[in-house]
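> Whatever this is, show me its structure:
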Amino acid sequence: MPPAPDVYVEVDVGVDADVDAGEPEAPPAPLLGLRDGLPPLTDTPTALAAACAALADAQGPVAIDAERASGYRYSSRAYLIQLRRDGAGTFLVDPIGFESLDPLQEALAGGEWILHAATQDLACLTEVGLVPATLFDTELAGRLLGYPRVGLATLVETLLGQRMKKEHSAADWSTRPLPEPWLEYAALDVEVLIELRDVLAAELRAAGKDDWARQEFDALRGFTPAVRQEPWRRTSGLHRVRGRRLLGAVRELWETRDELARNRDVSPGRIIGDSAVVAAALADPTSRSELLSTKGFHGRGAQRYADRWLEALARARELPEDALPLRAPRSDGPPTPRAWAERDPIAAERLTLARDGMARLSQEHQVPAENLLSPDTVRRVMWQPAGDDVATVAGHLRSLGAREWQIELTATMLVDAITAASSTPSSTVPIGGPATGPATGPATGPATGPATGPATTGSASQPPD
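Below you'll find the model as predicted:
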C-alpha cells in the first residue's frame, strides 16, 4: 500500500476586503441541531451490544468521528467515538471502559466509513481495533474540488446551509463524566456527515474527479502517522541554541521531559514548556537554586522534577564528542531548497521549473499543488532524477507513493523541467500539462482561482473551523 497523502493545515485568509462595508450582511445560516435528540452514552456492555445490533441492521455508509485529549494527554487515544448510520441513528461510544470493541468492528464490516480529515482519527481508531474497509474523507474531497476552505463547519454551511457550533473543540475529552454540552457538540460532528458526503460525491462525479478521490481514499487506508527522526529538534526556540554541546543539553532535557510525560500520560508542555527547555540548556545550571532562578525556566514540573533536569544537564556535559548531536538533522532526502543553488545549480533550476509547472497545473485543475503531488516528492524527483523520459519518471513517482492520477497529470511536466533545466533559462520555458489522458476542467463549487491553501507535511492537525 503506498503512503497516505500528507496531512495539511487549513489557513483562513479572513474576510474579503473588497466587500462593500455598506452592504447589508446576509442573515446567519440556521444552527444545526440534533434531529433525534442527544443519544445516551454507550458505556456498558449491554448498551454496546444494542448499538452494534442497530448499526449492523442498518444500511449505507457510516459517519464516524473520534475525540482525543490533545494538549492534555501524552497519548493520542480516542476518548469518545461518534457514529451515525441511516436507519440506526447516532451513537456516542465511550471506549475507555471496554476491553475490546471487536463487536463494533464486526457491525461495521464492509461498510464505507465517512470521516472528515481522516488522518487525524485513523490512528486512534486503529488503536481500539476499528479499521475501515473503504472510506470517504469529506475534507480531502473538498480539496480535490478546489474549495478554498475545507473545515467541517465551513463545508456544512457552504453546501448544506447549516451552521455548526464551534465550542468544546479543544476540550479535555479524558474528563469523566463528560458534560452534556460536550456530548451534544460531539454528536453534531456526525449529524450531517452522510449528507455532506453525498453532495461532495456528486460534485466529484460532475467534475470528473471521482476516480482521483477513490485513489486518494484507498491510499488513506494505509495511513500511519510518520515517526519523526530526532523529534527533539522540533523544540520551539531551538534556533537560539548554538553549538553541539548545547544541542546535546536540549536533547537530554527533551528526552527526560518526554519520559516523564509518557509515564504520567500528560502532554509534555504541561510539565515544562519548550521555552523552559531552551532556557535551562543555555544557562546550564549546576545546582537546584541556580536552575530554579534561571530566567524563563518555569512550568508545573519545573520544581517538582528539578533533580531530573539537573541530571539531564549533567549527562549532556559528560557526553563524548562523537555522541553529541550534529548541528543539522540527518535526512535521507534532498537538502533544504535554499541550499540547492550553491550545491547544484542545475537541480535548483529543475526545482524552479517544476514548481512553476505545479502552480499552473493547480490552477488548471482547481486542486492545491500539494494535493497534486506532495512537495517532498517533487523535491526528491528534481534533486536526483531517475531519468529524463516519462516512463522512468512515472516509475520514480510511483516508488515514492504517488497515485496514478497524480502521475498522469504531472509526469510529463516534470520531464520537461528535467530536460529544460540544463539548456534553457526558466524564464523562457513554459512547463506544464498532463502526461496522458484528457485534461479535467475546473471543479464545480465556489473556487474561482487556484486553491492554494498553505500546506504542512507531517502530523500537524487542521485547526477547528
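> Let me see the mean pLDDT of the helix or strand hosting Pro181.
Using DSSP states H and E, Pro181 sits in helix 180-191. Taken as a whole, helix 180-191 has a mean pLDDT of 97.
> tell me the domain ranges of the chain?
Following automatic domain parsing, the chain resolves into domains at 41-220, 231-323, 333-465.
> just to revisit the earlier point, so what does the helix or strand following the helix holding Pro181 touch, helix or strand wise?
Counting by DSSP H and E, the next helix or strand C-terminal to helix 180-191 is helix 193-206. Contact here means 3 or more CB pairs under 8 Å, 6 or more residues apart in numbering; DSSP states H and E; on that basis helix 193-206 packs against strand 62-67, strand 80-85, strand 112-115, strand 134-137, helix 138-144, helix 152-155, helix 210-220. C-betas here are computed from N, CA, C, even on glycine.
> buried residues in helix 193-206?
Under the neighbour-count criterion of 16 or more other CB atoms under 10 Å, helix 193-206 has Leu193, Ile194, Leu196, Arg197, Asp198, Val199, Leu200, Ala201, Glu203, Leu204 buried.
> who's in contact with that helix?
The contact list for helix 193-206, computed with CB atoms under 8 Å, 6 or more residues apart in numbering, reads 60-61, 63, 65, 84-86, 114, 116, 136, 138, 141-142, 144-145, 152, 155-156, 159-160, 210, 212-213, 443-445.
> Buried ones among the residues you listed?
For the contacts of helix 193-206, buried by 16+ other CB under 10 Å: 61, 63, 65, 84-85, 114, 116, 136, 138, 141-142, 144-145, 152, 155-156, 159, 210, 212-213, 443-445.
> rewinding a little: take the buried residues of helix 193-206 and lay them out in a markdown table including distance to Pro320.
Output for the buried residues of helix 193-206, formatted as a markdown table (distance: CB to CB, whole Å):
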| residue | distance to Pro320 |
| --- | --- |
| Leu193 | 55 |
| Ile194 | 60 |
| Leu196 | 58 |
| Arg197 | 57 |
| Asp198 | 62 |
| Val199 | 62 |
| Leu200 | 57 |
| Ala201 | 60 |
| Glu203 | 60 |
| Leu204 | 58 |
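> The closest residue to Gly296 other than its chain neighbours: which element?
Leaving aside its chain neighbours, Gly296 sits nearest to Ala279 (3.4 Å; criterion: CB to CB, 6 or more residues apart in numbering). Element membership for Ala279, per DSSP H and E: helix 274-283.
> Not counting that helix itself, show me its contacts.
235-238, 240-241, 246, 249-250, 253-254, 257, 290-291, 294-299, 302, 309, 313, 316.
> For it, which residues meet the burial criterion?
Residues of helix 274-283 classed as buried by neighbour count (16+ other CB under 10 Å): Asp274, Ser275, Ala276, Val277, Val278, Ala279, Ala280, Ala281, Leu282, Ala283.
> avg pLDDT for that helix?
If you average the pLDDT over helix 274-283, you get 98.
> for stretch 167-177, same thing?
Stretch 167-177 comes out at a mean pLDDT of 90.
> Check stretch 305-319 too.
Here the average pLDDT along stretch 305-319 is 98.
> what about that stretch, distance to the chain center?
The chain centroid and the centroid of stretch 305-319 are separated by 34 Å, computed with CA atoms, centre = their mean, to the nearest Å.
> for stretch 357-370, same thing?
For stretch 357-370 - counting by CA atoms, centre = their mean - the centre lies 20 Å from the chain centre.
> now the helices for the stretch 1-150 of the chain?
Here the stretch 1-150 of the chain has its helices, by DSSP state H, counting those that start in this stretch, at 45-57, 102-108, 122-127, 138-144.
> which other helices and strands contact the first one?
Using 3+ CB pairs under 8 Å, 6+ apart, the elements in contact with helix 45-57 are strand 41-42, strand 80-85, strand 89-93, helix 102-108.
> Low-confidence regions, the chain specifically.
Under the criterion pLDDT under 70, the flagged ranges of the chain are 1-23, 423-465.
> and if we set it to 80?
Counting by pLDDT under 80, the chain contains low-confidence residues at 1-25, 166-169, 330-331, 422-465.
> what separates the residue lying closest to Ala51 once chain neighbours are set aside from Val192, distance-wise?
In space, and not counting its chain neighbours, Ala51 is closest to Phe91: 4.5 Å by CB to CB, 6+ apart. The gap separating Phe91 from Val192 is 16 Å, by CB to CB, to the nearest Å.
> Would you mind measuring from Val93 to Gln384?
Val93 sits at a distance of 48 Å from Gln384 (criterion: CB to CB).
> Between these two, tell me which one has more neighbours.
The neighbour count for Val93 versus Gln384, taken as other CB atoms under 10 Å, is higher for Val93 (25 against 11).
> The more buried one reaches Leu104, doesn't it?
Yes. Using CB atoms under 8 Å, Val93 is in contact with Leu104, at 6.9 Å.
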